[in-house]
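Engineer: Provided below for reference: sequence and predicted model.
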Amino acid sequence: MKRYFYNIWETITTLMIGLGVTFGHLLRIRKGNVTLQYPEERWPQPQREIGFNLDRYNVIRSRLHVDIDDCIGCLQCSRACPVDCIKIEFVKVDKGLDIGTTSNDTKKRLLVTRFDIDMTECCFCNLCTYPCPEDCIYMTGGPNSRKHPIDYEYSTYDRSDLIFRFSNVDPDQVARLTGQNELKVGGK
Amino acid sequence: MTITWLIEWVNDSWLGFLGLPGAFILAVIIAGLAIFGLVAVHAIVAVYVERKVAAFMQDRIGPMGQGPGLHAGKWGLLQTVADALKLLVKEDIIPAAADRKLFVLAPFILFLGAFIAFVALPFSESLVLADFNVGLFYILAVSSFGVIGLILAGWASNNKWSLYGAMRSAAQIISYEIPAAISLIAVILLVGSLNMQAITSAQSGTVWGILPNWFVFQNPFTFMAFFIYFIAGIAETNRTPFDIPEAESELVAGFHTEYSGMRWAFFFLSEYANMFIVCGVAVVVFLGGWQSPIPGLMTGRIWGLFWFMGKVVFLVLIMMWIRWTFPRLRVDQLMNVSWKVLLPLAFFNLFGAGIWSLWLD
Amino acid sequence: MIFEDIKKSLDQQFPDLVLVAGEDPFHFITIALNKWSRLARFLHNNKDLKFDSLHCITGIDNGPENCLEVRYNLFSMTHRHWLEVRIELDRTDPRLPSVEQIWRTADWLERETYDMYGIIFEGHRDLRRILLEDDWEGWPLRKDYITPEFYREMPVPKDKI
Amino acid sequence: MGVNKTEEMVLNIGPQHPSTHGVLRLKVQTDGEIVTSVTPVIGYLHRCFEKHCENITYQQVIPFVDRCDYIASMNNDFGYVLAVEKLLGIEVPEKVEYIRVIMAEMNRIASHLLALGTFGLDVGAFTPFLYMFRDRERILDLFELTCGARLLYNYMWVGGLSHDIPVGFVEKTYEFLDYFEPQIDEYNNILTFNKIFIERTADVGILPVDVAINFGVTGPNLRGSGLRWDLRKDETYSIYDRFDFNVPVGQGIKGSVGDSWDRYWVRVEEMRECVKIIRQALDMMPRDGDVKAAVPKRIRPPQGAIYSRSETPRGELGFYILSDGKPKPFRLKMRSPAFTALSVLSEISQGWMISDVLAILGSLDIVLGEIDR
């Protein structure tokens, strides 16, 4: 009998405490609100204490971008990729020809005819960006904002739009520079 | 403004050529439309309020919109309207294996149960559609009519989850009718009438000096009866912590798993209508109906309506508050609460109230 | 108990049980297939050993020319010692006694090994595929497994670009 | 009474169901509301993790390990890199160890928050779930600040970390801990000591300790059964021996030892211990040092096999790695704690009601990504 009434008493008190907690939140909604109203407000909003200042990032995981002019076709990124979403093909250029240098003053020896990244397969592990000797593959935004601004929505209507083709070499140029169509296909 | 008054009014107006039967039909249609309007508006407002209240309790801000166009009005005020429109134009799906006729019928039966109970609710001193002398009994009787709709819905869907939901809700509603009714009897005992207006009038004046002479304050037994009735009422409307018939995490959506579009909206509508009925009865029986909380102040027809609605909304808000705080009971615990806690307490209350009234005499 | 003691007590109980005992870089014993059932019961029940926790069952395919292998990692919660038991199996008809009724956790772990390698655990009460579909063909983790072109007439996806 | 039995019905809970925590299917045999047998059917999320690992290098395995237990990726990474480092025999710098411990414990809090929140959701409490997600979000924010990712981090590398912690991380973490500790009391007020919640979970799904060991149940589920067993204490790895913390166990405060409430309570208490560990680690952490100093250029472990285990929020995560001296693992077996935890479900949920089965499932805290791999 005592247990019966104790149970009722315990029920009433604990439920009242619970009601108190929710009521407190109901009253403190202005301070406690955590909703971010997406189209009006966007995520990195330091003034709202949600998220952090972009300068404070070490790294950001976002869309991959390649500065193709700096690429020397070393295939390091393609080898590092665990899901094989980077496809690179290149042509060897004759020794005498000059096809420019990268921003690190490395002389380019290979003409990258194809540099495709399938972002639908990308797992955002960031492993491809570390081995790059020229720092030309990186994820947009964050600490790399000055190289390429962030693609905030990063959404398309068509899946095929998520396959990014970076190479800007046209076939005529390949023939002119090499004099032959001997393509050495890279990638795994 | 009873239904008789309405019939006479129609008969006396330029529509008099219809004769008494025609006037009767017209009056019933007018009254029905008025109730339906009230139910619909209440549902729309209550859904909005519920979403906001829930959101605020959970540190969210709920439906929002900050301008015209695709947004649902400022502060999301038009959110439920938009939802209702969406439900209206949604595809109506009837599962191939369902019992077609019953499947179509079930939501209307459920809604009807909530709908016809409104007839006897006294909204104000003179605003009650049918002021019968068995008003309270009538409301209790017809509001359990809806359970037939629930069982039909669960059965006709031909879905195991729905069946479970329906069976649970049948057991639940039948169990909770009893403590609810017995706690109301404690008040009926004191008033000596089942007439809703008579119960309201019995609560005029003051008690303990300052408090209004409502039954919730009048004596300790009716005070307890109020809580018993309110808890049982929450159970009757299938809301958390007694929402086992639709128990989202167990039964997907319980009896309305297979429903969509407007048919589903009728389930929703009747849930909110049921909430209104339960709170309305609680207000009339325990909280002085349309009487002002400060006796003598702000009385009159319009104020009466205001007080009645205000009290109902207050109780509905408490229901929401409870819903968004508690976990759900298990089905056997639910029965335990009803039969082993609420029912003995209700009987004890009835007994106490009887002694109290004898002692007062 | 350290490994040497465990081995000593095993040698006492079952002479010529242990085929190989080595370090790779951790201690293990390789045993003959037919002794496993009795050994398991002994390891579980013996008071000094009391390997009450079977941690992991690993199936291994040593290549199309070599044998299949099953490795058991046993641990004693009371005495806190480890033992790795290795059993080598014939590739064409891999069978070994089940320990599902000794360590109940072996139930699912053995089913998983069966699912991936086709190793049949005799005496298991419910030996079905666990992760793959019941009608899956082949044993995926064997080294000579060839990915099918179709599964139930659905093509198996390939690289897009 | 015994004859009063209705026809049994098979109820398929899942693969699409609000409270199966992923794509799990439970074949439940029911007699009215009473459950007579439960058969979990798994594999809907099978992604050939182990087959995949045989075709990629040790470094590339880490993103896939992340995706196994996606709720506690840091802990999974930790377990994996410990195994590979043991195989390689490399020592990592002091600072790396501290950062790893901080990250692992933070993720443990985040994981427990999710476990408790969804457990609340399973028994019908919606609001605590959102409170817990709100706080989990702050941890994820900290992770995002550190490594750019919110869920699948790929932060711990073999021999080091992908990045040093950013400027202001330590302060932000202290701030978070100060904010978080009082929140635990709030969860207790709204959920843990709520009588309805106690009624739903206490004495429900009792898992006796011998059954737990025999079924290989580990982690908070085992501790909920009353056994003081935590790898961080009992088989210390990394630098856990330097910290002062307790191992909470289920004591049957509201029911019997090993019931669902105890498993819940162990997680609540563990969050407090995590806070303690993080505080100590932040205090003791060396402020400078190269986190990539010990990262090997090429990971080619010597021939051999290793079984290494670590304590994740779900229990003991074991990796059996067989190396043949090539840059790719010859065989990598992951022994996932949730796998064994789910296998005990059919044992402990017989005779309970449908609602209880889901409550027990919630209290076991499974992640289907790890079970199906």
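Structural biologist: Received it, and whenever you're ready, just let me know what you need. Numbers count the residues shown, from 1 in each chain, chains lettered A, B, ... in the order given.
Engineer: The spatially closest residue to D:Leu322 that is not a sequence neighbour: how many residues sit nearby?
Structural biologist: Closest residue in space to D:Leu322, ignoring its immediate chain neighbours: D:Arg331 at 4.1 Å, by C-beta to C-beta, 6 or more residues apart in numbering or on different chains. C-beta coordinates here come from the backbone N, C-alpha and C atoms, glycine included. Residues within reach of D:Arg331, counting by other C-beta atoms under 10 Å in any protein chain shown, total 22.
Engineer: And C:Lys50, by the same measure?
Structural biologist: For C:Lys50, the count of nearby residues is 16 (other C-beta under 10 Å).
Engineer: doesn't C:Arg80 make contact with it?
Structural biologist: No: in this structure C:Lys50 lies outside contact range of C:Arg80 using C-beta atoms under 8 Å: 10.3 Å.
Engineer: tell me the strands in the stretch 51-200 of chain D, going along the chain?
Structural biologist: Here the stretch 51-200 of chain D has its strands, by DSSP state E, counting those that start in this stretch, at D:156-157, D:160-161.
Engineer: so how far is the last one from its chain's centroid?
Structural biologist: By that I understand strand D:160-161. Offset of strand D:160-161 from its chain centre (C-alpha atoms, centre = their mean, to the nearest Å): 22 Å.
Engineer: Which neighbouring elements make contact with that strand?
Structural biologist: With contacts taken as 3 or more C-beta pairs under 8 Å, 6 or more residues apart in numbering or on different chains; DSSP states H and E, strand D:160-161 sits against helix D:94-122.
Engineer: Then the first one?
Structural biologist: When contacts are defined as 3+ C-beta pairs under 8 Å, 6+ apart, strand D:156-157 packs onto helix D:58-66, helix D:73-88.
Engineer: For those, give me JSON lines that also has distance to chain B, mean neighbour count and mean pLDDT.
Structural biologist: JSON lines is the format used below for these (distance: least, C-beta to the nearest C-beta, whole Å; neighbours: other C-beta atoms under 10 Å in any protein chain shown; pLDDT from 0 to 100):
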{"stretch": "helix D:58-66", "distance to chain B": "28", "mean neighbour count": "25", "mean pLDDT": "88"}
{"stretch": "helix D:73-88", "distance to chain B": "26", "mean neighbour count": "25", "mean pLDDT": "88"}
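Engineer: Distance to D:Asn189 for the ones you listed - can I get that in a markdown table?
Structural biologist: Formatted as a markdown table, these follow (distance: least, C-beta to C-beta, whole Å):
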| stretch | distance to D:Asn189 |
| --- | --- |
| helix D:58-66 | 35 |
| helix D:73-88 | 28 |
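Engineer: what about those, which gets the closest to B:Val312?
Structural biologist: helix D:73-88 (50.3 Å; C-beta to C-beta).
Engineer: Quick check: phi and psi on the closest residue to chain B within the stretch 251-373 of chain D?
Structural biologist: In the stretch 251-373 of chain D, the residue that lies nearest chain B is D:Ser355 (4.8 Å; C-beta to the nearest C-beta). When read as degrees, to the nearest 10, the backbone of D:Ser355 gives phi -60, psi -40.
Engineer: Likewise for B:Thr206?
Structural biologist: The phi/psi pair for B:Thr206 (degrees, to the nearest 10) reads phi -120, psi 160.
Engineer: Surely it and B:Asn213 touch.
Structural biologist: Yes: the pair B:Thr206 / B:Asn213 is scored as a contact, 5.5 Å apart, by C-beta under 8 Å.
Engineer: Can you pull the residues that touch both of these two?
Structural biologist: With contacts defined as C-beta atoms under 8 Å, 6 or more residues apart in numbering or on different chains, the residues shared by B:Thr206 and B:Asn213 are B:Pro295.
Engineer: got the domain boundaries for chain A?
Structural biologist: Chain A breaks down by automatic domain parsing into domains covering A:1-34, A:64-187.
Engineer: I'd like to know which of those is closest to D:Leu87.
Structural biologist: Nearest to D:Leu87, of the domains of chain A and by C-beta to C-beta, is domain A:64-187 at 19.3 Å.
Engineer: pLDDT on that closest one, on average?
Structural biologist: Averaging pLDDT along domain A:64-187 gives 78.
Engineer: do that domain and chain D meet at all?
Structural biologist: Yes: contact of domain A:64-187 with chain D (C-beta under 8 Å from any C-beta of the partner chain) involves A:Ala80, A:Cys81, A:Pro82, A:Cys123, A:Phe124, A:Cys125, A:Asn126, A:Leu127, A:Tyr130, A:Met139, A:Gly142.
Engineer: Please list all residues in contact with D:Gln16.
Structural biologist: D:Val23.
Engineer: Let's see that with 6 Å instead.
Structural biologist: Shown in contact with D:Gln16 (C-beta atoms under 6 Å, 6 or more residues apart in numbering or on different chains): no residues.
Engineer: any idea how far it is from B:Trp161?
Structural biologist: Separation of D:Gln16 from B:Trp161 (C-beta to C-beta, to the nearest Å) stands at 12 Å.
Engineer: can you list contacts of stretch D:329-338?
Structural biologist: Surrounding stretch D:329-338, the residues in contact under the criterion C-beta under 6 Å, 6+ apart are C:56, C:58, C:60, D:50, D:53, D:218-219, D:314-322, D:324, D:366-367, D:370-371.
Engineer: just stretch D:126-136 next, same as before
Structural biologist: For stretch D:126-136, the external contacting residues (C-beta under 6 Å, 6+ apart) are A:22, A:34, B:57-59, B:324, D:110, D:113, D:116-117, D:120-121, D:183, D:190-191.
Engineer: Can you tell me which of these lies closest to C:Ala106?
Structural biologist: Closest approach to C:Ala106 among those (C-beta to C-beta): D:Leu116, at 30.8 Å.
Engineer: The closest one: neighbour count?
Structural biologist: Neighbours around D:Leu116, by other C-beta under 10 Å: 25.
Engineer: The spatially closest residue to A:Tyr152 that is not a sequence neighbour - how many residues pack around it?
Structural biologist: Leaving aside its sequence neighbours, A:Tyr152 sits nearest to A:Arg42 (C-beta to C-beta, 6+ apart; 6.3 Å). Counted by other C-beta under 10 Å, the residues lying close to A:Arg42 total 13.
Engineer: To which secondary structure element is A:Arg42 assigned?
Structural biologist: For A:Arg42, there is no host helix or strand (DSSP states H and E).
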